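Trainee: sequence first, then the predicted structure:
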Amino acid sequence: MSKAFTAEEVARHNKEGNLWIVVDSKVYDLSKFAAMHPGGLSVLLDEDVAGKDATEAFFGLHRHEVLLKPQFKRLVIGTLEGSKQTIFPRQAGELSKVPYAEPTWLSSGYHSPYFKDHHRKFQIAFRKFVEDVILPDAQAREEDGKRPSQYVFDEMAKLNIIAMRMGPGPHLKGLELMGGIVKPEEVDYFHEMIMGQEISRIHARGYNDGLGGGTFIGLPPIINFGQPALRERVAKEVFAGKKFCALAITEAFAGSDVAGLRCTAKRVENGWILTGTKKWITNASFADYFTVGARTEQGGLVVLFVERGEGVETKPIKTSYSSAAGTAYITFDNVFVPYEHTLGKENKGLQVILSNFNHERWGMTTASIATQRHIVEECLKWVNQRKVFGKPLHNQAVIRNKLAAMISRVESAQAWLENITFQMNNMNYAQQADLLAGPIAFLKRYATSTAQETAADAVQIFGGRGITRTGMGRLIEHYHRTVPFDAILGGAEDVLGDLGVRQALRKMPKDSRL
Ligand code: HEM
């Protein structure tokens with residue numbers, strides 16, 4: 001591998017069956033591989049490629065990751081004498097040096113009032129964990145549609161990451177977090193924001209939801225409204241990565257209209273009989289526990305903790321993202337639920353359901369903004385390396401204009417997110433519910449609508465590659481296909497906008513006049 005070849009020596013290997021090329025100072029022997037090359041043999045036999053330094057041609061057509069695959073690394077037989085490697089991939093855990101690829105608090109030379117040393121240490125350790133442990137499984141499962149592998153949950157549980165993903169709170173007391181990098185009493189919503197933003201770098205939207213999306217929204221009502229014995233048991237099992245939750249509110253009959261639920265809970269001796277259906281329930285395919293909203297005979301709502309068992313059936317739903325998310329249709333057929341599994345009070349279920357929404361929407365928004373930023377990075381890299389009419393793509397003013405809009409959108413969304421997260425850290429639960437429901441609804445609506453604009457712009461910038469599942473534009477294709485999930489789950493954009501404005505109108509001072 002360390003053998004150095006002169007350019008003349010390389011040039012002699014320029015035919016079918018005897019074919020060398022140079023990419024970024026490394027000499028590749030493609031003699032055998034050429035016939036299997038996905039881009040065909042003829043392109044490799046081109047006189048500007050065969051026996052030549054083909055670095056520019058290579059990076060115009062392939063992602064760097066191609067060279068890092070073991071089967072292609074093996075093709076390297078030495079280096080080109082007098083040349084040096086100039087392209088170094090970002091190592092797992094490292095920050096990107098591409099402008100705007102990181103939020104300002106992670107960008108060299110910039111400052112932030114919000115983040116402390118333990119946030120920074122945590123971010124470094126967490127990104128490395130995501131890229132070493134989660135990313136490889138995410139890419140594989142997003143493709144084959146299987147649920148996230150158990151070993152990933154086991155590794156997360158060892159560092160108490162599953163517990164940390166529920167945010168700050170008494171559930172963290174006494175736990176060693178991320179190998180001791182952060183103390184339970186230090187954990188705040190910025191740590192949770194960091195987790196949401198770092199995990200979204202896996203670019204596997206279905207898998208991301210599979211990796212505890214159901215627990216993130218299904219467990220809080222159990223912890224906050226369940227009886228002590230129930231909540232302790234369930235939290236322990238879930239934090240250990242052994243059991244999984246799903247929040248079962250939405251129905252085919254009622255989406256954002258929670259008051260329209262038709263699933264019924266009938267009081268019987270010692271409990272309830274639950275009957276009805278639920279649709280689009282994340283993680284339901286493999287969940288052990290369901291947090292279910294149902295209508296009582298009095299017409300109110302009740303939330304019940306239901307274990308998978310007799311009368312509970314789940315049927316996968318094929319959505320436009322991966323079935324790694326475990327999205328399913330659920331039928332409850334005369335399921336007996338013990339009375340002590342009631343979460344909160346009878347007929348006060350709406351409060352339990354609504355109590356979850358702000359945190360859920362904020363969590364989704366953190367991830368959505370980070371993925372949007374990653375797309376900006378992809379576009380900046382692409383316009384820089386892609387040549388059209390002999391010049392880099394960024395030579396076109398129309399492309400620079402699209403990038404300006406993309407960068408402005410993601411920067412404004414992140415700044416707003418950090419402000420809201422800071423407010424959450426300084427408000428108790430009741431204050432958050434009172435003062436942040438509107439802003440969080442607006443932020444989510446803004447983040448997901450700008451995400452869709454950025455997805456559309458990115459496809460235009462990448463052209464055909466932006467609608468192709470493999471190769472240079474694979475992240476763009478994935479983003480463009482899955483971006484509507486953020487805009488629908490947790491409340492559709494129009495509903496959220498309406499909610500925010502209504503809240504503002506309720507708070508209008510009676511004496512306000514122009
Ligand atoms: C180390 C050398 C090379 C390796 C290991 C390699 C490998 C690959 C792989 C894995 C793909 C599939 C693309 C993907 O889905 O990512 C591909 C596609 C392709 N390759 Fe290469 N390649 C090499 C060099 C080259 C060179 C020097 C050219 C020169 C022009 C070339 C031209 C192409 C083309 C035209 C495609 C199809 C691209 C597309 O579908 O957009 N390859 N190559």
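Mentor: Nice, I can see it. On a predicted model such as this, the values are computed, not experimentally measured, just so you know. Residues are numbered from 1 along each chain as shown.
Trainee: ok, for the closest residue to the ligand within the chain, nearest residue in space, not its chain neighbours?
Mentor: Across the chain, the shortest distance to the ligand (Cβ to the nearest ligand atom) belongs to Gly39, at 2.3 Å. No exception for glycine: its C-beta is placed from N, CA and C like everyone else's. Spatial nearest neighbour of Gly39, excluding adjacent residues (Cβ to Cβ, 6 or more residues apart in numbering): Leu61 at 6.7 Å.
Trainee: count the residues that sit near that neighbour.
Mentor: Each residue near Leu61 was counted by other Cβ atoms under 10 Å, and the total is 15.
Trainee: what of Ala455?
Mentor: Neighbour tally, Ala455, other Cβ under 10 Å: 22.
Trainee: may I have the phi/psi pair for it?
Mentor: Note on Ala455: backbone dihedrals following degrees, to the nearest 10 are phi -60, psi -40.
Trainee: what sits closest to Gln385 if chain neighbours are left out?
Mentor: Excluding the flanking residues, the one nearest Gln385 by Cβ to Cβ, 6+ apart is Phe59, at 5.2 Å.
Trainee: is it true that that neighbour lies in a helix?
Mentor: Yes: assigned with DSSP: H, G, I helix; E, B strand; the rest coil, Phe59 falls within a helix.
Trainee: and the closest residue to Asp24 other than its chain neighbours, how far from Ala430?
Mentor: Closest residue to Asp24 apart from its sequence neighbours, by Cβ to Cβ, 6+ apart: Ile87 at 4.8 Å. Separation of Ile87 from Ala430 (Cβ to Cβ, to the nearest Å) stands at 53 Å.
Trainee: so which of those two has more stuff around it?
Mentor: Taking other Cβ under 10 Å, Ile87 and Ala430 do not tie; Ile87 has more neighbours (13 against 8).
Trainee: from Gly212, how far off is His374?
Mentor: On the measure of Cβ to Cβ, His374 and Gly212 end up 20 Å apart.
Trainee: looking at these two, which one has more neighbours?
Mentor: More neighbours surround Gly212 than the other of His374 and Gly212, with 26 against 20 (other Cβ under 10 Å).
Trainee: thinking the more buried one is in contact with Ile162, fair?
Mentor: Yes: shown here, Gly212 and Ile162 form a contact pair, counting by Cβ atoms under 8 Å, at 6.4 Å.
Trainee: before we move on, back to that, for the residue nearest to Gly39, what are its contacts?
Mentor: Applying Cβ atoms under 8 Å, 6 or more residues apart in numbering to Leu61 gives the contacts Gly39, Gly471, Met472.
Trainee: which of these fall within helices?
Mentor: Assignment to helices by DSSP state H places none of the contacts of Leu61 there.
Trainee: so among these, which ones count as buried?
Mentor: In those, burial by neighbour count holds for Gly471, Met472, counting by 16 or more other Cβ atoms under 10 Å.
Trainee: using CSV, lay out the contacts of Leu61 together with pLDDT.
Mentor: Formatted as CSV, the contacts of Leu61 follow (pLDDT from 0 to 100):
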residue, pLDDT
Gly39, 96
Gly471, 94
Met472, 95
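Trainee: buried residues in the helix or strand Val10 falls within?
Mentor: Assigned by DSSP states H and E, Val10 falls within helix 7-11. For helix 7-11, the neighbour count (16+ other Cβ under 10 Å) marks Val10 as buried.
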